[in-house]
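Quick one, structure for this:
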Amino acid sequence: MVLRIGNASGFYGDRFDAVREMLTGGELDVLTGDYLAELTMLILGRDQLKDPAAGYAKTFLRQMEEGLGLAHERGVRVVANAGGLNPAGLADALRGLAAKLGLPTRIAHVEGDRLPAVDGVLAANAYLGGAGIAACLAAGADVVVTGRVTDAALVTGPAQWHFGWGPEEYDRLAGAVVAGHVLECGTQATGGNYAFFRDHDPAVFRRPGFPVAELHADGSAVITKHPGTGGLVDVGTVTAQLLYETAGARYPGPDVTARLDTVRLTQVGPDRVRIDGVRGEAPPPTLKVGLSRLGGFRNEVVFVLTGLDIEAKAQLVRDQIEDALATARPREVRWELARTDRPDASTEETASALLRLVVRDPGPEAVGRALTGAAIELALASYPGFHVTAPPGRGAPYGVFETAYVPASEVPHTAVLPDGTRVPVPVPAHTPEPAPVSAPGLPAPVTTPEPPTPELPDPLPEGPVRRVPLGRLAGARSGDKGGDANIGVWVRTDEEWRWLAHALTVDKVRELLPETAGLAVTRHVLPRLRALNFTVAGILGEGVASQARFDPQAKALGEWLRSRELDVPEELL
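Numbers count the residues shown, from 1 in each chain. Below you'll find the predicted structure:
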């Protein structure tokens, strides 16, 4: 008995016509969509400040104008976290849409994730598991919308409903969590953002299809995609997504703690990768809570420096701006010079470098007129060739994402069934102890002990080496979790793993990525995936919404690492 679960959205703003593609392109039992990222919760919170009836992903409602009918015709259930901060509001809007279309669609929703917000917090949302979704489906719901659930809950919920798993069938639940993590980012599992894209025909990656998981009763799954769609599903694409935004061997969640060090991947056919062997453990007694708040105001100016004397030009305008800001200096002033210029360039753009100034302050005044005036007044009084990429504006508010942890028993996880009945979802009966707890507004990390470090393979014998980019052998994928980033690095053969496991240490990562200096870097070893996963604490400041770095979500941090050179045994090249 196979449960076919597809994905049609990896973020709020993903390909609009993916819902139609997935409902018409092949066999499905359940279609899921992930619309909520950390930044999205802040965006929805600001929407709701303007309109209390808002707070959900409006794109999903528009997709359902066609999707409800297609799903009804094909008997496909739809499960999405598009409810955001207002799942009840989205459920009501869907009922109105179904009535307008003349469809007997039964709508349910899951709520209880939104917790009371302390001062300065726009939204505080606990990450719920899949049990509420399962209850809604068991009551006959055709569409279930949720607020903040874990991304994997969109798969664990349907799996619990379909297979009748109990809350302590940890291995089965862990298999569903792993499958859900592979699906959650859509086309990242089918060749999107894939490090080894050059090893294949470029046409394959022009329009990747969205992924499908064929889930089995024992918790194993096959990752695939609809026939005839673009993209690629192989062990590499699945490995890349497994490493995305994870950390160590234990992957804790509200349904189960999945052991990523037990995952086994096998290519079982074209565009078919089997996932099995996944072990699970009891979930922690706490739920993660995402706190979204306004952090202050920011502004930026990008100065264009062209031709000769780039460094001297940059220093001149820096000194001028610093003098102008002396009487009303923002709390944070950050300069970065990107040497995009080339000597003897054949175009003006390739002869130019970019000097980026970013300012932040608790209030709007210091990043508004004080900055714009200082920059504009230099138009005829600074370096030769002075111009900027765009006139500086008034400044804009920026957000901060933080995490806290609360006892699961304090979160009113509730399934609201199609007939309006409200069903409380019980908390797990067995959880590991002890566990640190913090209230919303008092972020404190909850640490899950890691299993012993796996034994490393024997190193390769010494021999001649060649200095080449790491990416000649290794793939990577990186991403954000609040202010931290992770970089997953993997190789494709056992011999390459024998080298990587010993060569890419924490010290080597610090050497290759100087921006990690002074930050805590942790290495996690995953031998079954031939992978290392590095977490870099604090490199993203206060999170993506604060835009602390040039790459605020660390999406390309892994590609920077792959471009760095080190000594590689010639036998591997």
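
Would you mark the buried spots in the helix of greatest length in the chain?
Assignment by DSSP state H gives helix 58-74 as the longest helix of the chain. Under the neighbour-count criterion of 16 or more other C-beta atoms under 10 Å, helix 58-74 has K58, T59, F60, L61, Q63, M64, G67, L68, G69, L70, A71, H72 buried. In this view, the C-beta of every residue, glycine as well, is placed from N, C-alpha and C.

elements contacting it?
Other helices and strands packing on helix 58-74, by 3 or more C-beta pairs under 8 Å, 6 or more residues apart in numbering; DSSP states H and E, are helix 18-24, strand 30-33, strand 77-80, helix 87-101, strand 143-146.

Please repeat the previous calculation with a cut-off of 7 Å.
Helix 58-74 is packed against helix 18-24, strand 77-80, helix 87-101, with contacts defined by 3 or more C-beta pairs under 7 Å, 6 or more residues apart in numbering; DSSP states H and E.

Give me whichever of these is most buried.
strand 77-80 (a mean of 27; mean count of other C-beta atoms under 10 Å).

which residues are in contact with it?
The set of residues external to strand 77-80 that reach it, using C-beta atoms under 7 Å, 6 or more residues apart in numbering, is 29-33, 35, 60, 67, 71, 133, 137, 142-145, 154, 157-158.

thinking again about what came up before, for the helices and strands packed on helix 58-74, could you give me TSV that also reports mean pLDDT?
Shown next, in TSV, are the helices and strands packed on helix 58-74 (pLDDT from 0 to 100):
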stretch	mean pLDDT
helix 18-24	98
strand 77-80	98
helix 87-101	98
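
Could you export those as JSON lines, including distance to G518?
Formatted as JSON lines, those follow (distance: least, C-beta to C-beta, whole Å):
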{"stretch": "helix 18-24", "distance to G518": "42"}
{"stretch": "strand 77-80", "distance to G518": "41"}
{"stretch": "helix 87-101", "distance to G518": "42"}
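
all strands of the stretch 401-550 of the chain, in order?
Under the criterion DSSP state E, counting those that start in this stretch, the stretch 401-550 of the chain contains strands at 414-416, 422-424, 465-469, 475-481, 484-490, 521-526, 531-536.

Surely A485 and A537 touch.
No. Counting by C-beta atoms under 7 Å, A537 is not a contact partner of A485; they are 8.6 Å apart.

the more surrounded of these two?
Neighbours were counted for A485 and for A537 using other C-beta atoms under 10 Å; A485 has more, 26 against 16.

Distance-wise, check that one relative to G479.
To G479, A485 is 7 Å away according to C-beta to C-beta, to the nearest Å.

Quickly list what's touching both of those two.
Common neighbours of A485 and G479, using C-beta under 7 Å, 6+ apart, are A554.

Quick one: closest of the helices and strands packed on helix 58-74 to P469.
The closest approach between P469 and any of these, judged by C-beta to C-beta, belongs to helix 18-24 at 33.8 Å.

Dump the C-alpha coordinates for stretch 533-541 into PDB.
What follows is stretch 533-541, C-alpha atoms only, in PDB (Å, rounded to 0.1, in the frame of the first residue of the first chain):
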ATOM      1  CA  ASN A 533      27.600  19.100   8.000                       C
ATOM      2  CA  PHE A 534      29.000  22.300   9.400                       C
ATOM      3  CA  THR A 535      27.000  24.800  11.500                       C
ATOM      4  CA  VAL A 536      28.300  28.400  11.800                       C
ATOM      5  CA  ALA A 537      26.800  30.200  14.800                       C
ATOM      6  CA  GLY A 538      25.900  33.800  14.400                       C
ATOM      7  CA  ILE A 539      27.200  34.500  10.900                       C
ATOM      8  CA  LEU A 540      23.800  35.800   9.800                       C
ATOM      9  CA  GLY A 541      23.400  38.200  12.700                       C
END
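
who touches it?
Residues from elsewhere that reach stretch 533-541 (C-beta under 7 Å, 6+ apart): 243, 246-247, 480, 483-488, 509, 515-516, 519-524, 526, 548-549, 552, 554.

buried residues in it?
Residues of stretch 533-541 classed as buried by neighbour count (16+ other C-beta under 10 Å): N533, F534, T535, V536, A537, I539, L540, G541.
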